[in-house]
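Colleague: I would like the atomic coordinates for the input below:
(chains A and B)
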Amino acid sequence: GNSVTQMEGPVTLSEEAFLTINCTYTATGYPSLFWYVQYPGEGLQLLLKATKADDKGSNKGFEATYRKETTSFHLEKGSVQVSDSAVYFCALSDGNGANNLFFGTGTRLTVIP
Amino acid sequence: GAGVSQSPSNKVTEKGKDVELRCDPISGHTALYWYRQSLGQGLEFLIYFQGNSAPDKSGLPSDRFSAERTGGSVSTLTIQRTQQEDSAVYLCASSPGGSGGWGQYFGPGTRLTVT
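Modeller: Below you'll find the predicted structure:
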């Protein structure tokens, strides 16, 4: 079956620190992988995506590389800002049928000045 | 351009009543999804519409849940005889096509509280 496992939170970092949020997946077929972000009081926003192995998705200074050999899609940012405080969700779409998203449980990030 | 919109933003209802939740997808998006987000279950897929094809209802938790999409655009999710465990945020998303690689664009959600 399809599932996503992501790092338990919450994560608290100081401004300008390096961020890694781990995400691993199990999927049938050839999944596409996504990171979504939910800022306080707002809806889910697509942050970045990768549709095949070795692709790197990037946006707003965040990056994640699709690693088929380790079934991982870890989210990284070199220098976080207070405005990055949010809940981050890793997700996959398995490319079959409905192509609905399977989400991880979410990781809450708080960045302190 | 306009994103996905949902209404109402909040709904409080008594146990046993029926509710209707509305979703307006991004114009031109052929795929539409409903999910729900709850504390105990995280984000769960409910139902999927793609163009004029029959919907994929595989995620609906019970026969009290149904959805329709009229004219390939607006969708309504109906919950009959609501129960307290139906309390959650109901999210609608749309996508340019049915292929999984597009990514999905989410509305702000409807927070449903069943008392």
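Colleague: And the helix or strand hosting residue B:21, how far out from the chain middle?
Modeller: Counting by DSSP states H and E, the element that carries residue B:21 is strand B:19-24. Chain-centre distance of strand B:19-24: 7 Å, with C-alpha atoms, centre = their mean, to the nearest Å.
Colleague: What are the buried residues along it?
Modeller: B:19, B:21, B:23-24 (16 or more other C-beta atoms under 10 Å in any protein chain shown). All C-beta atoms are positioned from the backbone trio N, CA, C, and that covers glycine.
Colleague: Export those residues to CSV and append columns for distance to chain A.
Modeller: Converted to CSV, the buried residues of strand B:19-24 look like this (distance: C-beta to the nearest C-beta, whole Å):
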residue, distance to chain A
B:19, 20
B:21, 14
B:23, 12
B:24, 14
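Colleague: Could I get those in a markdown table, plus columns for pLDDT and distance to residue A:96?
Modeller: Formatted as a markdown table, those follow (pLDDT from 0 to 100; distance: C-beta to C-beta, whole Å):
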| residue | pLDDT | distance to residue A:96 |
| --- | --- | --- |
| B:19 | 98 | 31 |
| B:21 | 98 | 27 |
| B:23 | 97 | 24 |
| B:24 | 96 | 28 |
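Colleague: Distance to residue A:105 added to those residues, as JSON lines?
Modeller: Supplementary listing: the buried residues of strand B:19-24 in JSON lines, determined by distance: C-beta to C-beta, whole Å:
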{"residue": "B:19", "distance to residue A:105": "27"}
{"residue": "B:21", "distance to residue A:105": "24"}
{"residue": "B:23", "distance to residue A:105": "24"}
{"residue": "B:24", "distance to residue A:105": "29"}
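Colleague: Residues in contact with the next helix or strand after the strand holding residue B:21: which ones?
Modeller: Using DSSP H and E, the helix or strand that follows strand B:19-24 towards the C-terminus is strand B:31-38. Residues from elsewhere that reach strand B:31-38 (C-beta atoms under 8 Å, 6 or more residues apart in numbering or on different chains): A:98-101, B:23, B:25, B:43-51, B:67, B:69, B:75, B:77, B:87-98, B:102, B:104, B:109.
Colleague: Okay, whatever residue of chain A ends up closest to chain B and residue B:8: tell me how far apart.
Modeller: Residue nearest to chain B within chain A (C-beta to the nearest C-beta): residue A:93, separated by 3.2 Å. Here residue A:93 is placed at a distance of 29 Å from residue B:8 (C-beta to C-beta, to the nearest Å).
Colleague: quick one: which of the two has more around it?
Modeller: Using other C-beta atoms under 10 Å in any protein chain shown, the more surrounded residue of residue A:93 and residue B:8 is residue A:93, with 26 against 13.
Colleague: Around chain A, which positions in chain B sit nearby?
Modeller: B:31, B:33, B:35, B:42-43, B:45, B:48, B:50, B:56, B:58-59, B:91, B:93, B:95, B:98-101, B:103-109 (C-beta under 8 Å from any C-beta of the partner chain).
Colleague: Tell me, what's the model's pLDDT at the closest residue in space to residue B:22 that isn't next to it in sequence?
Modeller: Distance criterion C-beta to C-beta, 6 or more residues apart in numbering or on different chains; nearest residue to residue B:22, sequence neighbours excluded, is residue B:7 at 4.9 Å. Residue B:7 is assigned 97 on the pLDDT scale.
Colleague: Could you give the number of residues near residue B:7?
Modeller: 14.
Colleague: From start to finish, how long is stretch B:69-81 in a straight line?
Modeller: 21 Å (C-alpha to C-alpha, to the nearest Å).
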